[in-house]
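Trainee: Take a look and give me a structure for this.
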Amino acid sequence: MFDSHDGRGIRRFAFGLALLSLTAVSVTAWILSNVRREQEIVARLIQHLPESDLQVAKELSGDLNLQSSLSFLLVLNIVATAIAFALVVRGYLSSERTLRDVRVLSADILASMDVGIITTDKNAVITSTNPSSRELIGLDGDGVGTRLSEIDPQHALLDEICEEITTYHQPIRDRDYCVLRNGHPSTLRAGCTMLHNRHDEQIGMVIHVRDVTEKTLMEERLRRMERYMGLGSLAAGLQHEIKNPLSALSLHIQLLCERLDQESEDAEVAELLDILNTEVRRINDVLDGFRNYASVAELGRAPVDVTFLIEKLIRLLRPQAEHQNVKLVADLPSEMVGMIQADSTRLEQVFLNLAINALAAMPEGGTLRFEIAGENGNVKIAVSDTGAGIPAEIQGQVFDPYFTTRNEGTGMGLALCDKIIRQHDGSIDLQTSDEGTVFTVVLPVGTVESGGAMTERFGAE
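Mentor: Okay, the predicted model is just below:
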């Protein structure tokens, strides 16, 4: 991620300066050697010259002394060059240390970020990664040299946004996609910008990825609370505009039945009145279910032992289970897995609804199993049956309000379960096959702070 051209240029300059200095020293040494040899030759010649030629010899010797002085000046120049070279080397070493410190600091910054940073070349081949990106994407090693198209298919969006930015040359921000991490669904948010060098030439792309699972859940929770508040107002209006007239209608039907019982025994009229009563009760049930689903009443939180709650539910269900030839099985922990802060009445309603649905899925008998386990600071409760399972085409609708496959149901049971569990900052999921269905509820252990505070603020609990 660092441009090292400047460092290479400094190294070339220092090497050239050193070579020039060595050359100058060599030339100086050669000149000094020649001058010394010439001086020795002149000294020997002077000894054998007649006196008439001594004046010329002395002039020649003076010229040689001048060359020696020039050589001395050249030596001084070489010394000065050597000092300058030493200063250059010192500056170079200092710049290398500074560059190394900057690299270390940059690496530390990238390593400390909770955002994944990935750089690639123009062919979408990874050139660098930071620890967060390796953790989020699940790369083996540093991933350098790997094409984006070769990483986990769950992260195919990263390669797509690189292709898009290569085509349109526009930054891409906030593209969300879902992945499965450690067995749990997570939401990642990715973006991409072009990577330029110091000459403003594009040399690749920079991809940033961060985990926004908690933020997404919070936003979804806010939207749900706003929807519940709107539904609460609507439910209050329906209670006034529909249920009150229905109550009057039910009362008059009852009075009519009493009078007809006294004056006539017409079976057809009695059947029609019975149908009216049944349909009025059905409308009342629908309104009650809608009111409960849209309720904005606060939860009455208190410490709850889920194991005790399930044991109590099993005792309640045993008569009906024996009547249907359904075997009740409880896989309960020998030790307490942790107290949860919850509304026990609402949780009883959730597990009772799940158990009733399980019993309805096994009209000819089977096994209804409850399992409780502690997991990563949560309590996991699984309610499973051995029925025929839920068809694939309707699995995505089972938690929708008013969706039901039974004629006598209102379709609000599972929708209400989903709402209550999410009010407790938990989750509810299902797995189904031809051998049965498993509903898994996960609730946090201890006092709920963030979610509880938020929902109380909006008055939606």
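Trainee: Helix, strand, or coil at residue 141?
Mentor: Secondary structure for residue 141, judged by DSSP: H, G, I helix; E, B strand; the rest coil, is coil.
Trainee: Quick check: it vs residue 420, distance?
Mentor: From residue 141 across to residue 420, the span is 45 Å (Cβ to Cβ, to the nearest Å). In short, each C-beta sits where N, CA and C put it, glycine included.
Trainee: okay, these two: which has more neighbours?
Mentor: residue 420 (25 against 9; other Cβ atoms under 10 Å).
Trainee: any idea how far residue 119 is from the more buried one?
Mentor: 46 Å.
Trainee: How about residue 423?
Mentor: 43 Å.
Trainee: residues contacting residue 443?
Mentor: By Cβ atoms under 8 Å, 6 or more residues apart in numbering, the contact set of residue 443 is 306, 340, 342, 378-379, 381, 421, 424-426.
Trainee: ok, what's across the strand from it?
Mentor: residue 379 (DSSP bridges).
Trainee: picking up where we left off before, filter the contacts of residue 443 down to just the ones in strands.
Mentor: 340, 342, 378-379, 381 (DSSP state E).
Trainee: can you list those residues in TSV and add distance to residue 249?
Mentor: Listed next are the ones in strands among the contacts of residue 443 as TSV, based on distance: Cβ to Cβ, whole Å:
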residue	distance to residue 249
340	43
342	39
378	47
379	45
381	41
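Trainee: Identify the farthest-apart pair in those residues.
Mentor: Based on Cβ to Cβ, the longest span within the ones in strands among the contacts of residue 443 runs between 342 and 378 and measures 12.5 Å.
Trainee: which one of the contacts of residue 443 sits closest to residue 40?
Mentor: residue 378 (98.8 Å).
Trainee: residues contacting the residue lying closest to that closest one once chain neighbours are set aside?
Mentor: Distance criterion Cβ to Cβ, 6 or more residues apart in numbering; nearest residue to residue 378, sequence neighbours excluded, is residue 442 at 5.0 Å. Each residue near residue 442 by Cβ under 8 Å, 6+ apart is listed here: 375, 378-381, 426-428.
Trainee: how close does residue 442 sit to residue 401?
Mentor: From residue 442 to residue 401 the distance is 22 Å (Cβ to Cβ).
Trainee: give me the beta-bridge partners of the residue most central in space within the chain?
Mentor: Nearest to the geometric centre of the chain sits residue 211, at 1.8 Å (Cα atoms, centre = their mean). Residue 211 has the following beta-bridge partners by DSSP bridges: residue 188.
Trainee: Quick check, pLDDT for it.
Mentor: pLDDT, residue 211: 90.
Trainee: what does residue 321 give?
Mentor: 90.
Trainee: what's the spacing between it and residue 405?
Mentor: 22 Å.
Trainee: Residue 119 too?
Mentor: The value you get for residue 119 to residue 405, if Cβ to Cβ is used, is 52 Å.
Trainee: Neighbour count for these two, which is higher?
Mentor: Between residue 119 and residue 405, counted using other Cβ under 10 Å, the more crowded position is residue 119 (18 against 12).
Trainee: Help me confirm that that one is found in a strand?
Mentor: Yes: Residue 119 forms part of a strand when assessed by three-state DSSP.
Trainee: So residue 269 is in contact with residue 260, correct?
Mentor: Yes: between residue 269 and residue 260 there is a contact at 6.0 Å, judged by Cβ atoms under 8 Å.
Trainee: Looking at the contacts of residue 442, spot the one nearest residue 174.
Mentor: When the contacts of residue 442 are compared against residue 174 (criterion: Cβ to Cβ), the nearest one is residue 427, at 24.5 Å.
Trainee: where does residue 388 fall, phi/psi-wise?
Mentor: phi -80, psi -10 (degrees, to the nearest 10).
Trainee: still on that earlier bit, of residue 342 and residue 378, give the one with the bigger neighbour count.
Mentor: Remark: of residue 342 and residue 378, residue 342 carries more neighbours, 27 against 19, as counted by other Cβ under 10 Å.
Trainee: Much appreciated, bye for now.
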